[in-house]
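> coords please:
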Amino acid sequence: MKRIVTVKLVPTPEQHAALSSTLKLCNTGANAVSRFAHTATDRRPFALQKQVYADLKARGLSAQPAIRVIKKVSDAYATRQGKLVGGNYGLPGSNRYRRIAGKAIVFRDDAGQPFDDRCLSWQIEDSTVSIWTTAGRMKGLRFVCAPWQLALLADRKGESDLILRDGHFYLHATVDTSTPPSLTPSDGPDGWLGVDLGIVNLAVTTADDPSNLDLRWSGGAVTAVRKKHQVLRTALQKVGTKSAKRKLKKHRRKETRYATDINHQLSKTIVAQAQRTGQGIAMEDLSGIRDRVRLARTQRHQLHTWTFAQLRKQIAYKAQAAGVPVQVVNPRGTSKTCHRCRHIDSANRPSQPVFRCRRCAWTGHADHNAAHNIAVLGYESYRAANQPA
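This is a model prediction of the structure:
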């Protein structure tokens, strides 16, 4: 199982200048490669290397950093092509599609740069790294991180990305961690914990009492924080002074950090609950919901700032690390189906929080009912995937 460990670098002023110069040179070279790759018929790394390697060397890049620059450009074009084919940028022939496909990819001067083990090495005992820069090999570059991150970095091998964010340098290291053995079909989970994701309640499980949910999991609390930051941003943008701009820069990531922290707490609680009870986790697949749902103008901001995908990814990787099976199911009909008698009717849900079955008269919280339906779908999906041929 792969994890990303983020550590903060603590460079001296001279080291900071050398790292900044290195990023600028790498991204200047990447833009040169990108202009060539835009018109090339073969954008694979080895094919590009034959054409642009000498130019990158002439710009001052060493052999291995030059190869990493070429790979970065090739990966960027492969990612863009995948999104074009997948319809992320509209239909072929549309204005947006032509605008994006018709121009070369541009890299910022301070965009991240990958380094492999040949041009970056870790000294875990001393909390330092050795990295290639335009000023030569830089040794003794200090970094700081948590003890658990040091433990993960102890036996790592592979790629690390140098990132510049808000004037500070970070390294994003990819590490392989051991995964507990997965359950076999014969000794599968003892039931399934259904998780219904939402905006009013961020997550409701089959084990929760929706009337007594922790306030931290309330979508209203997160929405209130978002509105507070939105009002602050609007006011500071209207002022437009240097002081206001400094304050805007200081607060620009605060809202994102808050939402990410809430999702970490929530995902940790859900995975711990499933692990303690020996259950698997069933979640709904909400991919494309922003394109399917039509809302009033006042509700669109709330939908587009809903971080359901991040929460689902966090639950998935934490469950994998804990050895808890996860099933992602299609949520179609789960909000209007009675989990007791399986009667499906839109009238079963007279309001957002209330579910009242028109057939068996069962009444309860709508999100709790949906979580039970998702748990059933998770069980059926797991059983279908693990049936003997």
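
> now the end-to-end length of stretch 156-169.
20 Å (C-alpha to C-alpha, to the nearest Å).

> Off-centre distance for that stretch?
17 Å (C-alpha atoms, centre = their mean, to the nearest Å).

> In it, which residues are buried?
Applying a neighbour-count criterion of 16 or more other C-beta atoms under 10 Å, one finds 156, 160-164, 169 buried in stretch 156-169. Glycine gets a C-beta too; all of them are placed from N, C-alpha and C.

> likewise stretch 230-243?
Leu236.

> Quick one: mean pLDDT for it?
For stretch 230-243, mean pLDDT rounds to 89.

> Between the buried residues of stretch 156-169, which sits nearest Asp110?
Leu164 (4.5 Å; C-beta to C-beta).

> residue ranges with poor pLDDT in the stretch 1-150 of the chain?
In the prediction, the stretch 1-150 of the chain carries no residues with pLDDT under 70.

> Helices of that one, start to end?
Under the criterion DSSP state H, counting those that start in this stretch, the stretch 1-150 of the chain contains helices at 13-39, 45-58, 63-86, 95-101, 147-153.

> so which of the buried residues of stretch 156-169 comes closest to Tyr77?
Using C-beta to C-beta, the buried residues of stretch 156-169 come closest to Tyr77 at Asp161, 18.2 Å.

> Report the secondary structure state of that closest one.
strand (DSSP: H, G, I helix; E, B strand; the rest coil).

> show me the contacts for it.
With contacts defined as C-beta atoms under 8 Å, 6 or more residues apart in numbering, the neighbours of Asp161 are 112-115, 171-172.

> go again using 6 Å as the cut-off
112, 114, 172 (C-beta atoms under 6 Å, 6 or more residues apart in numbering).

> State the number of residues packed around Asp367.
Applying other C-beta atoms under 10 Å, we find 22 residues neighbouring Asp367.

> Ignore what I typed, I meant Gln149.
Gln149 has 17 nearby residues by other C-beta under 10 Å.

> do Ala259 as well
The burial count for Ala259: 18, using other C-beta under 10 Å.

> Name the residues of the strand or helix carrying it that are buried.
Using DSSP states H and E, Ala259 sits in helix 254-277. Using 16+ other C-beta under 10 Å as the test for burial, helix 254-277 gives 255, 259, 262-263, 266-267, 269-271, 273-275.

> returning to what we had before: got the helices of the stretch 1-150 of the chain as CSV, with distance to Gly280 columns?
CSV is the format used below for the helices of the stretch 1-150 of the chain (distance: least, C-beta to C-beta, whole Å):
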stretch, distance to Gly280
helix 13-39, 43
helix 45-58, 40
helix 63-86, 29
helix 95-101, 40
helix 147-153, 26
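
> Which of the buried residues of helix 254-277 sits closest to Leu377?
The closest of the buried residues of helix 254-277, once distances to Leu377 are taken by C-beta to C-beta, is Ala274, at 15.9 Å.
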